[in-house]
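Enquirer: Mind folding the following:
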Amino acid sequence: MLRLAPALRALWLVPLASVSGISLAATDGDQCAHPGQWWQGGQAVTANSLFEQAADQDVVLLGEYHDRMSHHRWQLHTLAGLAAHRDKMAIGLEMLPRDAQPALDAWVAGELSEAQFLQQSQWQEAWGFDPDLYLPILHFARMQQIPLLAINIKPALRRRLATEGFDAVSAEQRFNIEAPAPASDAYRQRLEQSFQMHPTSMGAEGHGNEDQEGDNAFETFLNAQLTWDAAMADGLASAVDDDTLVVGLMGVGHLAYGDGVPYQLEAMDITDTLSLMPTPLEACEPPDSQLADVLYLLGDEAAAETPPPRLGVQIAPGEDGVSIVAIREDSLAHEAGLQPDDTVTQAAGQEVRAPGELIATVQRQAPGTLLPLEILRDGSRQEILVRFPPAAPLR
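Expert: Numbers count the residues shown, from 1 in each chain. As a prediction, the model looks like this:
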């Protein structure tokens with residue numbers, strides 16, 4: 001893959017008995033859950049009662065796996081349902097740092113084309129995932145004149161806060177974000193398990209951890225995750241008022257088991273919140289009701305989704321282009337002959353100066369085609385041809 005984005009799964013669910021006014025959905029005699037159902041506290045609930053409950057909150061969080069189109073379709077449909085139940089709404093995006101707020105404002109105002117927005121927001125540099133996954137949501141917000149909020153912070157600031165501490169950074173430089181509440185024991189344990197599984201790829205920014213060892217490396221990683229959660233919680237909390245429903249779009253790891261952003265919101269005295277997540281349905285097994293306050297049950301979406309093109313490399317900015325940091329052995333890049341320490345200077349005949357430009361080129365690559373890459377290796381220029389597999393046959 002081109003961008004390491006480790007997902008840390010977790011979530012928390014209010015027992016049904018503690019929620020009043022929720023109507024149960026009709027179920028078949030076999031009591032199996034079915035795709036298309038909302039699931040709360042181990043029970044199916046109607047969409048109408050769910051939206052009425054959600055629209056009565058201050059903050060609603062919609063989890064996602066970033067590269068799943070089905071998750072973003074679900075988010076769009078859910079946003080439409082919430083907008084039908086609440087007159088005033090704002091949508092917070094993990095995808096962009098605070099610096100991108102002017103671009104979001106201009107987008108909602110109708111002042112930018114898609115290309116202009118992606119350029120001015122520095123989408124590829126900030127996020128890297130295919131913007132086509134998110135553009136339907138962005139167009140929905142513009143059509144409905146719903147404010148979009150950049151609730152993240154740049155990795156460099158997150159790294160500095162995680163390593164030097166919040167007191168070392170002025171309030172203005174950190175957008176007045178306060179230090180996060182300490183992690184719960186359960187959250188700390190889950191993060192530690194994830195860190196131990198991938199110790200070389202989960203540094204403070206998820207891009208390597210060569211300079212630290214043992215407990216220090218994990219503490220830096222933990223601090224970075226807490227800072228990430230707190231920054232997004234702050235961005236959402238700052239938009240809360242009596243009239244506005246604030247909806248946050250973010251990776252499932254930031255809201256699992258009530259840790260992450262919900263936990264940080266509670267520390268900020270924002271307690272009227274609801275976390276929603278899509279989850280696949282496996283046979284007649286009931287979904288794990290501890291994943292989120294409310295789950296939406298998905299069918300098998302794999303056949304309907306085309307996997308995004310991937311080189312299978314870890315990349316970083318380089319002096320003369322984009323540096324190849326690491327390569328998966330079973331990847332297209334490995335088959336094509338790319339090597340660690342290569343520098344990609346051109347892709348498809350166009351100069352690449354930043355990782356986002358290479359990512360964008362790869363994402364545009366059609367199945368069954370060749371992508372020419374010009375690389376620097378040991379001071380000499382070479383051309384590498386990456387062969388992308390054909391599309392799966394229609395069934």
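Enquirer: tell me how far the ends of stretch 47-64 are from each other?
Expert: This stretch, stretch 47-64, spans 19 Å end to end (CA to CA, to the nearest Å).
Enquirer: so the residue nearest the centre of the chain bridges to which residues?
Expert: Central residue of the chain (CA atoms, centre = their mean): G251, 3.8 Å from the mean position. Applying DSSP bridges to G251 gives these bridge partners: E64.
Enquirer: swap in L371?
Expert: The partner residues for L371, given DSSP bridges, come to V386.
Enquirer: Identify the residues contacting it.
Expert: 347-348, 361-362, 365, 385-386, 388 (CB atoms under 8 Å, 6 or more residues apart in numbering). Using the backbone N, CA and C atoms, a C-beta is placed for each residue, glycine as well.
Enquirer: same thing but at 7 Å, please
Expert: Taking CB atoms under 7 Å, 6 or more residues apart in numbering, we find L371 in contact with 347-348, 365, 386, 388.
Enquirer: could you say which helix or strand contains the nearest residue to L149 once chain neighbours are set aside?
Expert: For L149, the nearest residue in space outside its immediate sequence neighbours is G92; the separation is 4.2 Å by CB to CB, 6 or more residues apart in numbering. Using DSSP states H and E, G92 maps to strand 88-97.
Enquirer: pretty sure W107 contacts Q119?
Expert: No. Counting by CB atoms under 7 Å, Q119 is not a contact partner of W107; they are 11.5 Å apart.
Enquirer: what about the two, which has more around it?
Expert: For the pair W107 and Q119, the greater number of neighbours falls to W107 (23 against 13), based on other CB atoms under 10 Å.
Enquirer: Count the neighbours of the residue nearest to L149 for me.
Expert: 27.
Enquirer: Report the separation between it and W228.
Expert: 13 Å (CB to CB, to the nearest Å).
Enquirer: Report the separation between the residue nearest to the centre of the chain and E374.
Expert: 34 Å.
Enquirer: can you check N152 too?
Expert: For N152, the distance to E374 - CB to CB - is 33 Å.
Enquirer: out of these two, which sits in the busier spot?
Expert: Neighbour count, other CB under 10 Å: between N152 and E374, N152 has more, with 24 against 19.
Enquirer: what's the more buried one in contact with, if anything?
Expert: Contacts of N152 by CB under 7 Å, 6+ apart are 94, 96-97, 231-232.
Enquirer: Name the SS class of L373, please.
Expert: Put simply, L373 is strand when judged by DSSP: H, G, I helix; E, B strand; the rest coil.
Enquirer: Tell me how the protein divides into domains.
Expert: Following automatic domain parsing, one finds the domains of the chain at 16-304, 313-387.
Enquirer: Pick the most deeply packed of those.
Expert: Using mean count of other CB atoms under 10 Å, the stretch among these with the largest mean neighbour count is domain 16-304, at a mean of 18.
Enquirer: can you give me the offset of that one from its chain's centre?
Expert: Distance of domain 16-304 from its chain centroid, counting by CA atoms, centre = their mean, to the nearest Å, is 7 Å.
Enquirer: And stretch 350-367, by the same measure?
Expert: 20 Å.
Enquirer: show me what contacts the closest residue to T343 other than its chain neighbours?
Expert: Distance criterion CB to CB, 6+ apart; nearest residue to T343, sequence neighbours excluded, is L376 at 4.2 Å. Taking CB under 7 Å, 6+ apart, we find L376 in contact with 320, 342-343, 345.
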